[in-house]
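# mind looking at a prediction? Sequence and model below.
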Amino acid sequence: MADSPTIERVTALVSPILADLGLDLYDIDFGAGLLKITVDKPGGVNLEAIALATRLINREFDHSDPVPGKYTLEVSSPGIERPLRRPDHYTRIIGATVNVRLRDVTNESRRVQGVLIAADDHGIVVRSDEAPHDDRSIPYDRIDRARTVFVWQEPAKGAAPKKSPAAKKPNTPNKPDTPSMEVSA
């Protein structure tokens, strides 16, 4: 979260609302007329929680007007491949696969991808996919951008694929069992 008076005002207003809903304030980003509030909770956040948070935050902003000028409010979850900006973002996901882009690189690779094995207030340690016996310590001030990486799991050998209810063959028109609706004006 960038330090600015607007971000500080928004944080002060939304933090108690989110706490009451059992949600964590993951991040706030404000720029180009977009105020993006990212929320999370252990186990993930669902659409109903996001919708309720949006309504309550909108109501509070109607009374307090914390953002100057016109803007669009977006409340969302961080998603599967979430951006990592603060130390607490990293400490929450130890054991996950991350992709890190470094700044000011001289003789080393600009990108590091691997499993995050440690994080503290000073930096992170990543066990590289390319060199699994070479753990890289990276101070936060060397990180340009970072995000989690979703790793697809292959189904177990011999396991039958699950059938989705959406995979059923839809009813086709002109069949007697197809429901129809007539509208009269």
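Received, thanks. These numbers come from a predicted model, not from an experiment.

# contact partners for the residue nearest the centre of the chain?
Centroid-nearest residue in the chain, with CA atoms, centre = their mean: residue 78, separated by 1.1 Å. Shown in contact with residue 78 (CB atoms under 8 Å, 6 or more residues apart in numbering): 26-27, 38, 40. In this view, the C-beta of every residue, glycine as well, is placed from N, C-alpha and C.

# how about the helices of the chain, start to end?
Per DSSP state H, the chain carries helices over the ranges 5-20, 47-64, 87-91.

# returning to what we had before: how much space separates the residue nearest to the centre of the chain from residue 108?
28 Å (CB to CB, to the nearest Å).

# can you check residue 157 too?
38 Å.

# between those two, which one's more packed in?
When residue 157 and residue 108 are compared for neighbours, residue 108 comes out ahead with 8 against 5, by other CB atoms under 10 Å.

# with adjacent residues omitted, what lies nearest to that one?
The shortest distance from residue 108 to any non-neighbouring residue, by CB to CB, 6 or more residues apart in numbering, is to residue 102 (7.5 Å).

# one step back: winner for burial among the helices of the chain?
Comparing the helices of the chain by mean neighbour count (mean count of other CB atoms under 10 Å), helix 87-91 comes out on top with a mean of 17.

# quick check: the residue nearest to the centre of the chain vs residue 125, distance?
Distance from residue 78 to residue 125, by CB to CB: 22 Å.

# shaky segments in the chain?
The model of the chain has pLDDT under 70 over residues 1-3, 158-185.

# repeat that for 50
The chain contains residues with pLDDT under 50 at 1-2, 167-185.

# show me it divided up by domain.
5-76, 87-148 (automatic domain parsing).

# so the residue nearest to residue 90 when sequence neighbours are not counted versus residue 105, what's the distance?
Spatial nearest neighbour of residue 90, chain neighbours left out: residue 119 (3.6 Å); criterion: CB to CB, 6+ apart. For residue 119, the distance to residue 105 (CB to CB) stands at 21 Å.
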